[in-house]
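*Asks:* Sequence plus the predicted model coming up.
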Amino acid sequence: MKQSSYNWARVRFAAILLISLCGVGRIFCQQSLESNFRISGAGVLGIFEPQRQVLQKSSAVIYEGRKEIAYGVVLTEDGYILSKASEVEGISGLSMRVDLEFFKEAKVVLVDTRWDVALIKVDAKGLLPVIYADHSELVQGTWVVVNGATSRTKRRLLAGIISAKMREIPPEGGAVLGVELKEDGKSLEVSKVSAGSGAEEAGILPGDVIVSADGKAVKDINALFEILKEKKEGESMLVGVRRKKEKLELSVRLAARGELFAEENRNDQMSGDVSKRRGGFPRVLQHDVLANSNTMGGPVIGLDGRLIGMNIARANRAETFAIPGEDLKILAEGMVKQARN
């Protein structure tokens, strides 16, 4: 009984001491920074107002109906915008907002599957294009600023740092046609076509027999795999099929195995919203800004307000990939030139 009374007295004393300390000063009770001083707090974001103005004028918000589906980088005064292809391609009724101006019609005019980018055109005059930085070889820990959530008229920002060295991101699991096959020793028959795959887009059907790939005859799965292992996600490959008595040759866009036949690991389960395509890029910058799939396609800018990259994939809860500015400049200028011709 005495021991019980002693323990209760200790608990009461600890509680009184804690309350007293909290009354003397919040520092004793505070377990994290006040919101104003956090990386997403008003006090911190206010420091980046000059960079926010760049996002306001030179980034685009892309809509399907009222839903924001991607961001974009303003390339030219007359309305060429670059964005992430796998978020906007194939969607009808695209619209766009740049700064305060709203464009009811936005049209995808070119797609580069290697980088997963789409060139979009709106009927505009006097837009403010991004200014490219001299280079994007930034040391880890360098501050960067990107688009965050947006209101109808105001671009908001998120700040973070470069978190890894530039590198290639290979396809997830290698390139695939997007079909399930069965073989009987004499032929290679399609038993199922994956929804959203390049095979479905090309018109391959269950029951088709694959007879060639990339101009080479194939009789079994191993022969097909030998050809596919030399290919990359986003490339197209000619596939010969026999459909009853008809012979067809179809151009099939190859996808990453992980894109069509994904098995979530623990990290993926904890990551929340990630991009449809997050692999198969020739070179990327990596930063730690907390983003999601519908903010991809927007610019990544440095503290001088110049573009150092374009967000291309939300990879997981800690990684966002961006196309480096040097690669983006060559890609964008080439696509705009092609579109104008």
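*Replies:* Thanks, I have the structure now.
*Asks:* what about the strands in the stretch 1-150 of the chain?
*Replies:* 59-64, 67-74, 80-84, 94-98, 101-103, 107-112, 117-121, 143-150 (DSSP state E, counting those that start in this stretch).
*Asks:* Listing partners with orientation, what would you give for the second one?
*Replies:* Using DSSP bridges, the neighbouring strands of strand 67-74 in the sheet come out as strand 59-64 (antiparallel), strand 80-84 (antiparallel).
*Asks:* Can you add mean pLDDT and give those strands back as a markdown table?
*Replies:* Shown next, in a markdown table, are the strands paired with strand 67-74 (pLDDT from 0 to 100):
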| stretch | mean pLDDT |
| --- | --- |
| strand 59-64 | 96 |
| strand 80-84 | 98 |
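*Asks:* So for residue 71, which of these sits nearest?
*Replies:* strand 59-64 (5.7 Å; CB to CB). C-beta: built from backbone N, CA, C; applies to glycine.
*Asks:* Mind listing residues that contact the closest one?
*Replies:* 68-74, 81, 83, 87-88, 91, 93-98, 106, 120, 147, 150, 155, 297-299 (CB atoms under 8 Å, 6 or more residues apart in numbering).
*Asks:* Quick one: low-confidence residue ranges for the stretch 101-250 of the chain.
*Replies:* 173 (pLDDT under 70).
*Asks:* Could you look over the strands of the stretch 1-150 of the chain and pick the most buried one?
*Replies:* strand 80-84 (a mean of 28; mean count of other CB atoms under 10 Å).
*Asks:* Now do that strand and strand 117-121, the angle between them.
*Replies:* In terms of direction (axes from the mean of the first three to the mean of the last three CA atoms, to 10 degrees), strand 80-84 departs from strand 117-121 by 150 degrees.
*Asks:* what's the spacing between strand 80-84 and its chain's center?
*Replies:* Mean-position distance between strand 80-84 and its chain equals 13 Å (CA atoms, centre = their mean, to the nearest Å).
*Asks:* do the same with stretch 108-127
*Replies:* With CA atoms, centre = their mean, you get 16 Å for stretch 108-127.
*Asks:* Show the end-to-end separation of that stretch, please.
*Replies:* Taking CA to CA, to the nearest Å, the first and last residues of stretch 108-127 lie 18 Å apart.
*Asks:* what does stretch 132-148 give?
*Replies:* 21 Å.
*Asks:* quick revisit: can you lay out the strands paired with strand 67-74 as JSON lines showing distance to residue 207?
*Replies:* Shown next, in JSON lines, are the strands paired with strand 67-74 (distance: least, CB to CB, whole Å):
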{"stretch": "strand 59-64", "distance to residue 207": "34"}
{"stretch": "strand 80-84", "distance to residue 207": "35"}
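*Asks:* what's the closest of the ones you listed to residue 183?
*Replies:* Once the strands paired with strand 67-74 are compared by CB to CB, strand 80-84 is nearest, at 36.9 Å.
*Asks:* Alpha carbons of that closest one, in PDB - could you do that?
*Replies:* Output in PDB follows, covering the C-alpha atoms of strand 80-84 (Å, rounded to 0.1, in the frame of the first residue of the first chain):
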ATOM      1  CA  TYR A  80       4.500  26.200 -76.800                       C
ATOM      2  CA  ILE A  81       4.600  24.400 -73.400                       C
ATOM      3  CA  LEU A  82       6.500  21.300 -72.400                       C
ATOM      4  CA  SER A  83       5.000  18.800 -70.000                       C
ATOM      5  CA  LYS A  84       5.100  15.100 -68.900                       C
END
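*Asks:* That one vs strand 107-112, what angle?
*Replies:* 60 degrees.
*Asks:* Which residues does strand 80-84 contact?
*Replies:* With CB under 8 Å, 6+ apart as the test, strand 80-84 has contacts from 60, 62, 70-75, 96, 98, 106, 116-122, 275, 296-297, 310-313, 328, 331-332, 335-336, 339.
*Asks:* Would you mind getting the angle between it and strand 94-98?
*Replies:* Relative orientation of strand 80-84 versus strand 94-98 (the same axes, to 10 degrees): 110 degrees.
*Asks:* Tell me where the stretch 201-341 of the chain has helices.
*Replies:* 221-228, 257-260, 266-271, 325-340 (DSSP state H, counting those that start in this stretch).
*Asks:* pull the longest strand from this protein.
*Replies:* When the chain is parsed with DSSP state E, its longest strand is strand 155-169.
*Asks:* ok, now which ones touch the residue nearest the centre of the chain?
*Replies:* Nearest residue to the geometric centre of the chain (CA atoms, centre = their mean): residue 313, 2.2 Å. When contacts are counted by CB under 8 Å, 6+ apart, residue 313 touches 84, 116, 169, 274-275, 277-279, 281, 284, 296, 320-321.
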